[in-house]
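[1] fold the following and give me the result.
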Amino acid sequence: MNLDLTWRLLKGGGRKGMLGTWLTLAAVAVSTMLLLFAVTANFAFQARADKGAWRIPVQAATGQAVAIEATGHDYVRGKEVTVVDLAALNDRAPAPPGLTRFPAPGEAWLSPALAELAGRLPADQLAARFPARTGVLGEEALIHPDELVAVVGHRPDAPEMTAARSTARTAGRPPTPVADLVGKPSEDAVAYQILALIASVLMVVPLLVFGGAAARLTVARRDQRLAALRLVGATPGQVVGMTVAEAVIVAFAGALAGTAAYALAVPLLTRIQISGGPWFAADLWPHPLVLAATLVAVPLLVGLSAVIGLRRVVVSPLGVAKRETPPAMRWVRVLALVAVLAVVPTLGVDTGVAVIAVVIGLAFLCVNLVGPWVVGIIGRVTAGTARSPAGLLAGRRLVDDPRSAWRTVSGVAMTGFVAGFLALLTPGALTTAGTPGELRVLVPEGRPSVVAEQARERLAKAGITATVRRAEKLVTVTPARHTDPATMDRARTALAGLLPGRTLTSQADQEHVNVQIIGDIRSGTVVVLSVSFLVAIASAGITAASSILDRRQTYGLLRLAGTPLTVLDRARRTETLIPLAVMGGGSIAVGVFCGLPFMSGSPDGGGSIMLLTCVAIGFAGVVGAGAASRPLLRSVTADPAPRPD
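    Numbering: from 1, shown residues only. Reported below is the predicted structural model:
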């Protein structure tokens with residue numbers, strides 16, 4: 001019976017009532033789509049860590065080694081090439097990921113991107129470094145589709161498998177006896193997983209708040225309708241049942257629409273460049289359990305949020321029907337935020353990632369908890385200092401329903417928190433030291449002269465004019481045309497294998513990892529802020545339209561009393577922009593405070609620019625959302641005669 005009545009009420013709300021339902025559905029769809037992205041990103045980075053783990057050898061126990069594995073890095077056209085050297089110790093050596101068998105001595109297997117590049121460039125710039133090309137690596141061996149990887153087979157006694165290698169972090173991994181080719185995730189992969197988790201918290205918390213707010217869209221109209229049912233004899237259980245049924249039906253439809261939207265967006269998401277390249281679509285597709293959990297959790301969250309908002313209807317339906325102003329919220333809400341912020345100074349880069357994620361998440365939620373209370377204070381100040389009808393209407397509205405006003409600006413306020421937090425963490429550009437175009441290599445003690453002479457002979461044979469210098473443990477090569485990428489790659493190819501297991505590198509090569517990580521942090525910042533802005537603008541637009549539908553009878557009565565439409569529209573803008581300015585600034589300050597323990601060095605100017613850009617976009621988005629809903633305001637007040645809901 002309840003379900004049938006709920007369905008009838010849902011369909012019988014008229015065109016304006018169904019518009020409110022569609023707004024709720026759209027809000028849930030946006031939340032679901034972005035929630036899937038935020039959660040799946042963690043699994044995607046986990047998949048990358050697992051795919052690259054086989055290149056990080058784990059030393060086998062005595063007598064259990066089946067192969068020797070080493071990893072090095074080469075460079076071409078400014079891109080890093082990962083070279084994995086393998087040598088079988090017996091016939092039990094397993095096939096590496098992406099290969100059907102263990103590589104024989106002299107064989108070289110290239111990733112698709114490296115094979116394509118080797119075929120496109122002249123042989124003396126790249127292909128000659130891998131003269132015995134045998135085949136192409138499969139996707140299982142690669143972190144991303146554009147990765148440049150070479151797997152080269154050797155004999156166990158080959159110099160590449162026995163010579164000492166540099167201990168520098170960027171030099172790769174020395175020859176290691178291994179019992180398998182499973183390996184372990186690299187330090188960089190673990191760091192990316194930690195950053196992904198923090199980014200997910202920065203995205204998920206606003207999404208959960210937005211999803212919960214979706215259940216409260218058109219809340220006034222629904223409260224009036226349910227209060228009327230209570231007054232004519234409906235039991236609290238029936239009211240709760242109808243509310244849950246309505247919210248879950250709409251939310252489930254929105255969750256399905258959001259899932260479909262995410263599926264359509266996956267091809268675009270794969271183009272995001274992180275850790276040196278784009279993504280495999282399979283890595284970004286959510287696991288079936290994650291998908292099922294999302295389709296269940298989102299409707300339950302919306303249903304729970306709808307039920308929480310029913311307390312007044314169940315306890316005091318007459319007060320709802322009479323539109324009595326609810327009791328003011330208590331200042332104790334501020335204590336929760338103060339308690340969380342008191343913990344922030346104790347955090348640092350050495351704090352566990354789980355603790356950091358929890359504290360940031362709690363700070364987010366506390367900002368959302370304090371928001372309505374602050375809006376209520378703003379309303380009292382605005383009403384008390386009003387010098388115009390629009391200001392008085394705006395102030396009284398903020399006092400009457402601060403939660404509704406907060407829902408309109410909460411998305412941008414949350415984005416301000418994210419922008420403030422990330423502004424201090426945005427790294428500056430690295431300055432590369434050393435002579436441009438200079439290739440260097442550390443050589444064993446007592447061999448600089450021999451290595452320098454061999455380098456001169458190789459370069460002369462390749463027709464490359466270069467200056468070769470030696471020091472106590474260092475040989476440097478500076479080609480005459482070192483500004484030409486082709487000449488530099490020809491020099492690298494000519495010198496390949498000069499010192500087995502060691503590659504001549506420039507200062508830029510040695511900074512490649514740091515430059516990449518800095519670029520990835522910036523890309524991640526753009527992604528997080530893009531998601532936050534999408535949530536903020538969608539929230540502002542949907543809640544602005546929903547607020548008009550909630551108050552259409554009030555607007556109609558005001559028009560009937562002679563209030564001009566321009567005054568109503570100005571009051572609506574005022575009740576949005578004043579809380580936005582106060583809470584937006586406060587959220588940015590809280591975000592900056594939470595980011596202080598993780599700031600290293602002096603703040604970068606780019607962070608300040610990013611912060612100012614976020615403020616400008618946030619205000620523009622809210623103003624635009626208000627302008628877009630102006631035709632709806634004109635529509636609902638076109639016939640000011642009051643009508644029953």
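[2] buried sites along the helix or strand residue 303 falls within?
    Remark: residue 303 resides in helix 288-308, with elements defined by DSSP states H and E. For helix 288-308, the neighbour count (16 or more other C-beta atoms under 10 Å) marks 290-291, 294-295, 298-299, 301-303, 305-307 as buried. No exception for glycine: its C-beta is placed from N, CA and C like everyone else's.
[3] got these as CSV, with distance to residue 395 columns?
    Listed next are these as CSV, based on distance: C-beta to C-beta, whole Å:
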residue, distance to residue 395
290, 45
291, 46
294, 40
295, 42
298, 36
299, 37
301, 33
302, 31
303, 34
305, 27
306, 29
307, 31
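[4] quick one: which of the residues you listed is nearest residue 379?
    Residue 379 lies nearest to residue 305 out of those, by C-beta to C-beta, at 23.1 Å.
[5] distance of the closest one from residue 210?
    11 Å (C-beta to C-beta, to the nearest Å).
[6] just put the buried residues of helix 288-308 in JSON lines and tack on pLDDT and distance to residue 63.
    What follows is the buried residues of helix 288-308, written out as JSON lines (pLDDT from 0 to 100; distance: C-beta to C-beta, whole Å):
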{"residue": "290", "pLDDT": "89", "distance to residue 63": "42"}
{"residue": "291", "pLDDT": "91", "distance to residue 63": "46"}
{"residue": "294", "pLDDT": "90", "distance to residue 63": "49"}
{"residue": "295", "pLDDT": "90", "distance to residue 63": "51"}
{"residue": "298", "pLDDT": "86", "distance to residue 63": "54"}
{"residue": "299", "pLDDT": "85", "distance to residue 63": "57"}
{"residue": "301", "pLDDT": "81", "distance to residue 63": "55"}
{"residue": "302", "pLDDT": "77", "distance to residue 63": "60"}
{"residue": "303", "pLDDT": "75", "distance to residue 63": "60"}
{"residue": "305", "pLDDT": "72", "distance to residue 63": "61"}
{"residue": "306", "pLDDT": "67", "distance to residue 63": "65"}
{"residue": "307", "pLDDT": "67", "distance to residue 63": "64"}
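[7] can you tell me how far residue 63 is from residue 571?
    Residue 63 sits 82 Å away from residue 571, going by C-beta to C-beta.
[8] which one's more surrounded, those two?
    Using other C-beta atoms under 10 Å, the more surrounded residue of residue 63 and residue 571 is residue 571, with 23 against 7.
[9] ok, that one - contacts?
    Residues in contact with residue 571 (C-beta atoms under 8 Å, 6 or more residues apart in numbering) are 389-391, 393-394, 397.
[10] tell me the pLDDT of the residue nearest in space to the middle of the chain.
    Centroid-nearest residue in the chain: residue 528, 4.1 Å away (criterion: C-alpha atoms, centre = their mean). According to the predicted model, the pLDDT of residue 528 comes to 81.
[11] what helix or strand is it on?
    Going by DSSP H and E, residue 528 is part of helix 512-550.
[12] mean confidence score for the next helix or strand after that helix?
    Reading on from helix 512-550 to the C-terminus, the next helix or strand found by DSSP H and E is helix 552-560. Mean pLDDT, helix 552-560: 78.
[13] now stretch 60-67
    Mean predicted lDDT for stretch 60-67 stands at 90.
[14] tell me the buried residues in that stretch?
    60, 65-67.
[15] who touches that stretch?
    Residues contacting stretch 60-67 (C-beta under 8 Å, 6+ apart): 86-90, 92-94, 102, 177-181.
[16] who wins for most neighbours among those?
    residue 86 (28 neighbours).
[17] who does that residue form a beta bridge with?
    Counting by DSSP bridges, residue 86 is bridged to residue 69, residue 153.
[18] wait, it touches residue 156, no?
    No: the criterion here is C-beta atoms under 8 Å, and residue 86 misses it with residue 156 at 10.1 Å.
[19] shared neighbours of the two, anything?
    Common neighbours of residue 86 and residue 156 (criterion: C-beta under 8 Å, 6+ apart): residue 68.
[20] how near is residue 449 to residue 299?
    75 Å.
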